[in-house]
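Participant: next comes the sequence, and after it the predicted model I'd like to discuss.
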Amino acid sequence: MRFSTPLVPARLIRRYKRFLADCQLETGEEVTAHCANPGSMMGLAAPGTRIWLEPNNDPKKKLKFGWRLVDHENGLFTGVDTSVPNRALRHALESREIPEFSRYSNLRAEVKYGQSSRIDFLLQADGFPDAYVEVKSVTLSRTADLAEFPDSVTQRGAKHLRELAEMAALGHRAVMFYLVQRTDCAAMTLASDIDPAYAAAFKDARVAGVEVVCYDTHISPEAITIGQRLPVRV
């Protein structure tokens, strides 16, 4: 998934109100960017961090920049836009690039299911059970080479796990798909200390038959694409 507009480098001044970030461009100009990430962004939002912004000329948007990447300044990046995993996975599913789902020919997004929820993707094909796929963006890493989810308490995330378990009980495929938006991790685990309730819901979902799939990403200021499957250590 290529960025629609070339990114520009900047330094983070501060992130506030979850969805706003004051930044300084290399020209010295200070701008406010939209931060498409409701999580804590633990370890990613320190003042002075080198980041990459995507400019836009959309008259309907109040903010003319969107925060897309954290540049760790060692050749490694983290993607902070939580809408990217769904867009990147959709492209990969339509191109049949994910082996776990390559037999599915029909894709529908945001289909109602569960208790007033919408599944990210419902995959269907003749002769195969429907596959309900929920997608999560993973950006936290507190240990070298290891990504963690979640980075803050997520009651909504636990609800999704319970609803996936219900789909599995009905005989469908139910899949929790984690996309690690970091280029410095070789595995993923649960941040049980941050959200014990989510970890418990994850355990119950696995017992109920929910599949867990995790992939990493290739990230640069030009594009974010899905990489290879990573192990999930729980």
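Facilitator: Cool, got the structure.
Participant: C-alpha from now on. contacts and neighbour counts both.
Facilitator: Will do.
Participant: next helix or strand past the helix or strand hosting residue 142?
Facilitator: Assigned by DSSP states H and E, residue 142 belongs to strand 140-143. Counting by DSSP H and E, the element after strand 140-143 in chain order, helix or strand, is strand 145-149.
Participant: show me what counts as buried in that next one.
Facilitator: Buried residues in strand 145-149, counted by 16 or more other C-alpha atoms under 10 Å: 146-149.
Participant: give the contact list for the residue most central in space within the chain.
Facilitator: For the chain, residue 137 is the residue whose C-alpha lies nearest the centre (C-alpha atoms, centre = their mean; 1.8 Å). Neighbour list for residue 137: 82, 85, 178-181 [criterion: C-alpha atoms under 8 Å, 6 or more residues apart in numbering].
Participant: top of these by number of neighbours, please.
Facilitator: With neighbours taken as other C-alpha atoms under 10 Å, the top of the contacts of residue 137 is residue 180, carrying 33 neighbours.
Participant: got phi/psi on that one?
Facilitator: When quoted as degrees, to the nearest 10, the phi and psi of residue 180 stand at phi -80, psi 110.
Participant: assess the claim that it and residue 219 are in contact.
Facilitator: No: Residue 180 is beyond contact range of residue 219, at 10.6 Å (criterion: C-alpha atoms under 8 Å).
Participant: ranges for the helices of this structure?
Facilitator: For the chain, the helices defined by DSSP state H cover 84-94, 155-169, 196-208.
Participant: okay, buried residues for the second one please.
Facilitator: Neighbour counts using 16+ other C-alpha under 10 Å place 157-168 of helix 155-169 among the buried residues.
Participant: check stretch 219-234 too.
Facilitator: For stretch 219-234, a neighbour-count test (16+ other C-alpha under 10 Å) marks 219-221, 224-227, 229-230, 232 as buried.
Participant: let me know the closest of the residues you listed to residue 52.
Facilitator: Set against residue 52, the nearest of those by C-alpha to C-alpha is residue 221 (7.1 Å).
Participant: contacts only, for residue 111.
Facilitator: By C-alpha under 8 Å, 6+ apart, residue 111 lies in contact with 118-122.
Participant: domain assignment for the chain?
Facilitator: According to automatic domain parsing, the chain is divided into the following domains: 8-75, 84-233.
Participant: so which of the ones you listed is nearest residue 1?
Facilitator: Using C-alpha to C-alpha, the nearest of those to residue 1 is domain 84-233, at 5.3 Å.
Participant: what about the nearest residue to residue 57 once chain neighbours are set aside, neighbour count?
Facilitator: Spatial nearest neighbour of residue 57, excluding adjacent residues (C-alpha to C-alpha, 6 or more residues apart in numbering): residue 64 at 6.5 Å. Look at residue 64: counted by other C-alpha under 10 Å, it has 17 neighbours.
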